[in-house]
Each structure stands twice: as structure tokens, then as C-alpha cells.
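> My questions concern the predicted model and sequence given below.
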Amino acid sequence: MMKEHAKLMKVISSAGEIIGRKKLQKMIYIAKKVNLPFYEKYNFHFYGPYSEELTLRIEELCNLGFINEVHEKKGGYFQYRYSLTDAGQEFLGHYELDLPPLKDFMLDLNEQNSRFLELVSTVLYFEGLEKDEVKDKVFTLKSKQRYTEEEIDEAYQYIEKIRDLVTKELTKH
């Protein structure tokens, strides 16, 4: 079993249950952008940063029986729920994983809604640009989401908050 697969299992274990493929994608991307050791490659897609690599790893973990993926119809769309299986929990118990403590960080991310995480990950994707340029990108690329200036400011504040959280965890570790 590869180390990157085990890290994903640890994320799901730390979060308890993650509802939504988009949310899972954004949580891993945000973790990567705040310097946690995730190495999946991301490209910008319709819903923001997306990793085909991550999708394949999750599929492999489901096929191995380490992650439970529940597919449920919710109104006019399908929703996915991810949780660690008993076999996955047992496997993680035997696997040495050099990862900083993720629980508080992942729980915090998991409490956010997918729409907000999509905004946060989009801001992080363009973080090399000036704030006004990032806002223009968000308003252009995410026009259907109708994000407001206030929401973009909230995203920047949230990014600062989670970077502080990770820095505190890393200095403890």
C-alpha cells in the first residue's frame, strides 16, 4: 500500500465522515496549499482545483475495502459519503505514517460547506496574484456561484486562520 493512500485514509479517519466528492477534493487541495504533505497534482476545473490522481486513489481504496463510499440520491443530484471501514481502521493501526496531527484541521475544514471550500481553494489556486486580480478571477470563473466581495474576504481570513492552525500543530509535533 502506498503512503499517499494511507494519508487519504488518515484524512477521512480524522474527519469522521466526509460528505461530497467536491468537498473531499477541496479539503485535500487546501491541506496541500497550507504545506501539509499531500502531493496530488491538481488542475483547474469547473468546480475549482480538481485532481484526477485523488479520484483514482479514492476509487482504489474503495475497491480494497478500506474506504466506504455511499452513493445516495439527494433531491435532483447524487451525493457521496466517505468513511473509513473497519478494515481501513485496522490497516491504519499497523501503518507508520509520519503526518502532523490532522484531526482539528480536518474537522474544521469538514465543518465548512462545499461552496465555501470551493471559494477558498480557488483563492489559493490563484494566490500568486494580487488580491484584486484574484477577485476578478473569482467573479469571472465562478460567476454562477455569485460570490460576494465579503465572501472573498472571509475566504482570505479563513486561509489565514487555517495556516495559523497548521503552524501551531507543526510546532507542537
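Alright, I've got the coordinates.

> which sections of this structure are below the confidence cut-off?
By pLDDT under 70, the low-scoring segments of the chain are 1, 98, 173.

> List the contacts of the lengthiest helix in the chain.
For the chain, the longest helix by residue count, based on DSSP state H, is helix 149-172. Identification of contacts with helix 149-172 by Cβ atoms under 8 Å, 6 or more residues apart in numbering yields 30, 34-36, 100-101, 104-105, 108-109, 112, 116, 119-120, 123-124, 131, 134-135, 138. Backbone N, C-alpha and C define where each C-beta goes, glycine included.

> Which ones among those residues lie within strands?
Of the positions in those, not one sits in strands, assigned by DSSP state E.

> Mind telling me what element the residue most central in space within the chain is part of?
What sits nearest the mean C-alpha location of the chain, by Cα atoms, centre = their mean, is M27, with 1.0 Å. Assigned by DSSP states H and E, M27 belongs to helix 21-33.

> I'd like to know which elements that helix is packed against.
Counting by 3 or more Cβ pairs under 8 Å, 6 or more residues apart in numbering; DSSP states H and E, the packing neighbours recorded for helix 21-33 are helix 3-15, strand 48-50, helix 52-63, helix 103-111, helix 114-125.

> Let's have the ones you listed in CSV, adding distance to R146.
Putting the helices and strands packed on helix 21-33 into CSV (distance: least, Cβ to Cβ, whole Å) gives the following:
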stretch, distance to R146
helix 3-15, 28
strand 48-50, 15
helix 52-63, 27
helix 103-111, 22
helix 114-125, 10
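
> Dump those into CSV; add distance to H71 and mean neighbour count as well.
Listed next are these as CSV, based on distance: least, Cβ to Cβ, whole Å; neighbours: other Cβ atoms under 10 Å:
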stretch, distance to H71, mean neighbour count
helix 3-15, 16, 20
strand 48-50, 19, 22
helix 52-63, 10, 16
helix 103-111, 19, 17
helix 114-125, 16, 22
